[in-house]
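*Asks:* Whatever this is, show me its structure:
(one chain, ligands or ions: 2)
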Amino acid sequence: MEVGFLGLGIMGKAMSINLIRSGFKLTVWNRTLSKCDELVELGASIGETPAAVVKKCNYTIAMLSDPSVALSVVFDKDGVLEQICHGKGYIDMSTVGADTSSKISEAITSKGGSFLEAPVSGSKKPAEDGQLVILAAGEKALYDEAIPAFDIMGKKSFFLGQVGNGAKMKLVVNMIMGSMMNAFSEGLVLADRSGLNPHTLLDVLDLGGIANPMFRLKGPTMIQNNYSPAFPLKHQQKDMRLALALGDENAVSMPVAAAANEAFKKARSLGLGDLDFSAVYETVKTLEHSS
Ligand SMILES: NC(=O)C1=CN([C@@H]2O[C@H](COP(=O)(O)OP(=O)(O)OC[C@H]3O[C@@H](n4cnc5c(N)ncnc54)[C@H](OP(=O)(O)O)[C@@H]3O)[C@@H](O)[C@H]2O)C=CC1
Ligand SMILES: O=CC(=O)O
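*Replies:* Numbering: from 1, shown residues only. Ligands and ions are numbered 1, 2, ... in the order given. Coordinates of the predicted model:
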């Protein structure tokens, strides 16, 4: 079976490498062509456009940066829509809002294709290790067809029903994660400014009821001011923005998430958007200094 893959960024590259190493016949496309090189060395073919990939493949997976890119890769010239038809599937694993996902779903299904949204929880390392959590919704038959690929890319897949539910679940999770990262950053600054050793704070946190993999993974690198991107901050801010919009739609007051979003926006305005989302710590440090 031929599978397509659009978008070889931090996540897409790791996910597609796992697929090809597990024996999938892959055709890949990326806006920046040079990012296809490693995949080609492993045996992948290159499609010159998203449409060319879809034409060749039974189903095509996308892992793209944000809603506007997810839409343009489907709707623009040489996009997915030009070749999608009955018997072909499109699986968007990017993190987008339910409205974007629904627009794509309607366009794909109106041409006879089938659609699944399948955003993932888990970052660069889980992607490399095939340990993502997959939050799928849409066409159940396509979900069943994609299970062998999901089992390679992830440790657990959920089928959440109608299109939009996968997107919403992902945004709820990332809204919590972004708020936690801000509280964690404030805690690290507070410990430091009040004369405590931040390394000891990490040890204490890790032994208690709020121990978690994110604090364990990010704490030591944040203390070293190392923000090598696993999850780019600009994407976390996009997720906070989309989650707050979901809150608006449902009249859910989220002052904690709104404050966290402001910190991520501030970090972007300071030019930190391409660093890891833990670089929001720098914003918290700066705000402390200016007071
Ligand atoms: N990194 C993480 O930890 C996680 C990320 N996600 C989500 O997965 C998605 C991808 O994330 P990640 O891999 O980190 O992001 P990257 O920024 O590393 O990759 C983004 C991808 O989108 C492509 N792209 C960007 N702009 C355009 C455009 N105008 N036209 C066509 N292609 C474009 C990039 O192409 P090019 O190479 O040419 O720039 C690249 O392939 C995002 O929605 C993110 O929120 C979900 C879970 C974890
Ligand atoms: O979206 C990011 C993640 O770590 O999950």
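*Asks:* does the longest helix seen in the chain come close to ligand 2?
*Replies:* Looking across the chain with DSSP state H, the single longest helix is helix 165-193. Yes. Interface with ligand 2: helix 165-193 contributes residue 174 (Cβ under 6 Å from any ligand atom). The C-beta positions use only the backbone N, C-alpha and C, and glycine is treated the same way.
*Asks:* Now do the buried residues in that helix.
*Replies:* Residues of helix 165-193 classed as buried by neighbour count (16 or more other Cβ atoms under 10 Å): 165-171, 173-175, 177-182, 184-189, 191.
*Asks:* try stretch 140-157
*Replies:* Buried-residue list, stretch 140-157, by 16+ other Cβ under 10 Å: 142, 143, 145, 146, 149, 150, 152, 153, 154, 157.
*Asks:* again with stretch 272-284
*Replies:* Using 16+ other Cβ under 10 Å as the test for burial, stretch 272-284 gives 272, 273, 275, 276, 277, 278, 279, 280, 281, 282, 283, 284.
*Asks:* Now, these that are in helices?
*Replies:* Short answer: the buried residues of stretch 272-284 in helices (DSSP H) are 280, 281, 282, 283, 284.
*Asks:* could you measure the closest residue to the third one other than its chain neighbours against residue 182, distance?
*Replies:* This points to residue 282. Excluding its sequence neighbours, the residue lying closest to residue 282 (Cβ to Cβ, 6 or more residues apart in numbering) is residue 272, at 6.3 Å. According to Cβ to Cβ, to the nearest Å, residue 272 stands 14 Å off from residue 182.
*Asks:* which residues are common contacts for the two?
*Replies:* Residues touching both residue 272 and residue 182 by Cβ atoms under 8 Å, 6 or more residues apart in numbering: residue 280.
*Asks:* one step back: which ones among the ones in helices among the buried residues of stretch 272-284 also lie next to ligand 1?
*Replies:* Checking those against ligand 1 by Cβ under 6 Å from any ligand atom, not one of them is in range.
*Asks:* Which residue in the residues you listed has the weakest pLDDT?
*Replies:* Model confidence across those bottoms out at residue 284, which has 91.
*Asks:* can you tell me how far the nearest residue to residue 84 once chain neighbours are set aside sits from residue 86?
*Replies:* Using Cβ to Cβ, 6+ apart and skipping residues adjacent in sequence, the residue nearest residue 84 is residue 113, 3.8 Å away. To residue 86, residue 113 is 7 Å away according to Cβ to Cβ.
*Asks:* Looking at those two, which is more packed in?
*Replies:* residue 113 (24 against 8; other Cβ atoms under 10 Å).
*Asks:* gap between the more buried one and ligand 2?
*Replies:* Distance, residue 113 to ligand 2, by Cβ to the nearest ligand atom, to the nearest Å: 27 Å.
*Asks:* Look up the pLDDT of that residue for me, please.
*Replies:* 98.
*Asks:* these two touch, right, the residue nearest to residue 282 and residue 283?
*Replies:* Yes. With contacts defined as Cβ atoms under 8 Å, residue 272 counts as touching residue 283 at a distance of 7.5 Å.
*Asks:* Please enumerate the strands of the stretch 1-150 of the chain.
*Replies:* Assigned by DSSP state E, counting those that start in this stretch, the stretch 1-150 of the chain shows strands spanning 2-6, 25-29, 45-46, 59-62, 89-92, 114-117, 120-121, 132-138.
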